[in-house]
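Q: My questions are about this predicted structure, shown below with the sequence.
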Protein chains: 2
Amino acid sequence: MLSKNKIKFIHSLQLKKFRDESGFFIAEGSKLIHDLAGSFNCELLVYTKLKEEDVLSIMAQERILTDEAGLCKVSAQKTPEGVLAIFQKPEPVVPSKEELKKQLCLALDDIQNPGNLGTIIRIADWFGIRHIFCSPSTADAYGPKTVQATMGALARVHVHYVDLATFLSEWNTINQGADFPIYGTFLSGSNIYLEKLSPNGIILMGNEGQGISPAIGKYITHKLRIPNFPENVPTSESLNVAVATAIVCSEFRRRSL
Amino acid sequence: MLSKNKIKFIHSLQLKKFRDESGFFIAEGSKLIHDLAGSFNCELLVYTKLKEEDVLSIMAQERILTDEAGLCKVSAQKTPEGVLAIFQKPEPVVPSKEELKKQLCLALDDIQNPGNLGTIIRIADWFGIRHIFCSPSTADAYGPKTVQATMGALARVHVHYVDLATFLSEWNTINQGADFPIYGTFLSGSNIYLEKLSPNGIILMGNEGQGISPAIGKYITHKLRIPNFPENVPTSESLNVAVATAIVCSEFRRRSL
């Protein structure tokens, strides 16, 4: 049975403060939980009779069988999917400079919408990007809405929260853009389809409304633009940031075919 | 002042049934309303003192100045943006077969999430796609969440609700894929980066969970796939449908550069 304390504990994980303090996060739905269970320690599994068999193979510290009403008490979803899990947040695996230098990474400057962040993590997974470096003001990768939008990609993509200016300035200083470019998208950048794109480096994406902040943007070595079509016709002012990330990552990976 | 009847009327437009009956839809926020006002007749404008000057240039049949509390009564947003408008839905402009034959269009088979649909309309706008043909079960392009996600793109993109099987079968029969191909994305399709892509034709995108239904998919003449990277490594099962649409449209338009 779900004790009052347990319910309170699960609720508390809706807030970043308590996720950070406890080191746990919530996931809901059978598919997502199965995907995450392969990579993260499951602390608690709450499920209804209907899902009992389905979650049998998931190893968890504690298992609680409840009814629909019980699940509703802890779920953040309008229509709970029959199973909720609490997972341990992973220790961030920070790659060495030598490792990183060979890879294509993402950096996110103040992405606010949890759904956008989750979608970007899923895109990174699809395109084999293993590390995302976020400004501290970016949404929390372990927030419930973000976790749901990742569709399990968190199991393969490492999300780091760093001082982006310091992080980018180090790369910028060492490399001067020569062998580890820092790319950013701007309306005034060079046509991405025609530019030379490196198989390694950092792709920086900016805030939903404001784009890349000047304090961060100054470390960019290559400015790119996704041209609209046809170019001289009025169109939307911009693309959604997750959509833009997808187009940019697709174009980088196409070049490595 | 906002009368009870007016409040009831605005609320009713949250539902597709009443949008269809009345021919009106809701938009919120100054930027969006300005974008739409250039293309659609504004029936009613409700705004607070703070936005009075900002909406001065918008022509509307009726204008109501209200306070924060009044706006909260009619807004569907947690934090109303100070202005809400009711617009007249446009008469669908159905292009002739001859016109359509020269264009690249989108067809949507049962896209359920209003945010996904809105994002797809915004992507279409960016890539100069003027017509989207949706199955009747696809979300309503004039639903409040969709309208907000389009960011004004509805002013330039025409969304048609049609029997997709009939629509696609006609094109399939006439052209046999020769000069007006019907493309669809599948996990088993041909690598989109390596395939020949036509500057005209239809790109069919499927439901978030189920993909393209077999009844519709049989009219596809060219199956495409967005390869993950690197190809032999485990990854997310799929991409979000709006993200996939963006990558596909980007690749089609890149070829026309």
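A: Done, it's in. Numbers count the residues shown, from 1 in each chain, chains lettered A, B, ... in the order given.
Q: Enumerate the residues of the stretch 1-150 of chain A near chain B.
A: For the stretch 1-150 of chain A, the residues found near chain B under the criterion C-beta under 8 Å from any C-beta of the partner chain are A:Gly115, A:Thr119, A:Arg122, A:Ile123, A:Asp125, A:Trp126, A:Phe127, A:Gly128, A:Ala149. Placement of C-beta: from N, CA and C, glycine included.
Q: Toward the C-terminus, what is the element adjacent to the one helix or strand the fifth one maps to?
A: Element membership of A:Asp125 [criterion: DSSP states H and E] is helix A:114-126. Taking DSSP H and E as the definition, the helix or strand that follows helix A:114-126 towards the C-terminus is strand A:131-134.
Q: Please work out which residues outside that following strand touch it.
A: Outside strand A:131-134, the residues within contact range by C-beta atoms under 8 Å, 6 or more residues apart in numbering or on different chains are A:95, A:100, A:103, A:105-108, A:111, A:120-121, A:124, A:141, A:157-162, A:164, A:167, A:202.
Q: try it again with 7 Å
A: Outside of strand A:131-134, the residues that reach it under the criterion C-beta atoms under 7 Å, 6 or more residues apart in numbering or on different chains are A:95, A:100, A:103, A:105-108, A:121, A:124, A:157-162, A:164, A:167.
Q: Looking at those, which are in helices?
A: When the contacts of strand A:131-134 are checked against helices using DSSP state H, the ones located there are A:Leu100, A:Ile121, A:Ala124, A:Leu164, A:Phe167.
Q: Need these in a markdown table (columns: pLDDT).
A: Putting the ones in helices among the contacts of strand A:131-134 into a markdown table (pLDDT from 0 to 100) gives the following:
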| residue | pLDDT |
| --- | --- |
| A:Leu100 | 92 |
| A:Ile121 | 98 |
| A:Ala124 | 98 |
| A:Leu164 | 96 |
| A:Phe167 | 94 |
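Q: What segments of chain A are strands?
A: If DSSP state E is used as the criterion, the strands of chain A fall at A:24-28, A:42-48, A:62-66, A:83-88, A:104-109, A:131-134, A:158-161, A:182-191, A:201-206, A:222-225.
Q: Closest residue of the stretch 1-150 of chain A to chain B?
A: Evaluated by C-beta to the nearest C-beta, the stretch 1-150 of chain A has A:Gly128 as its residue closest to chain B, separated by 4.2 Å.
Q: who's in contact with that residue?
A: Each residue near A:Gly128 by C-beta under 7 Å, 6+ apart is listed here: B:Phe229, B:Pro230, B:Val233.
Q: Let me know the pLDDT of it.
A: Model confidence at A:Gly128, expressed as pLDDT, equals 96.
Q: Quick check: phi and psi on it?
A: The phi/psi pair for A:Gly128 (degrees, to the nearest 10) reads phi 70, psi 30.
Q: what about it, distance to A:Ser256?
A: Here A:Gly128 is placed at a distance of 9 Å from A:Ser256 (C-beta to C-beta, to the nearest Å).
Q: I'd guessed A:Asp140 sits against A:Lys17; true?
A: No - with contact defined as C-beta atoms under 7 Å, A:Asp140 does not count as touching A:Lys17 (10.1 Å).
Q: Neighbour count for the two, which is higher?
A: Set A:Asp140 next to A:Lys17 and count neighbours by other C-beta atoms under 10 Å in any protein chain shown: A:Asp140 wins out with 19 against 8.
Q: ChimeraX command to pick out the buried ones of the residues of the stretch 1-150 of chain A next to chain B?
A: The ChimeraX command for the buried members of the residues of the stretch 1-150 of chain A next to chain B (criterion: 16 or more other C-beta atoms under 10 Å in any protein chain shown) is given here:
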select /A:115,119,122,123,125,126,127,128,149
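Q: for stretch A:166-175, the distance to its chain's centre please.
A: Using C-alpha atoms, centre = their mean, to the nearest Å, the mean C-alpha position of stretch A:166-175 is found 23 Å from that of the whole chain.
Q: er, stretch A:158-169 I mean
A: Between the mean C-alpha location of stretch A:158-169 and the chain-wide mean there is a distance of 14 Å, by C-alpha atoms, centre = their mean.
Q: Show residues contacting it.
A: With contact meaning C-beta under 7 Å, 6+ apart, stretch A:158-169 is reached by A:92-94, A:107, A:109, A:121, A:130-136, A:141, A:182, A:215-216, A:219.
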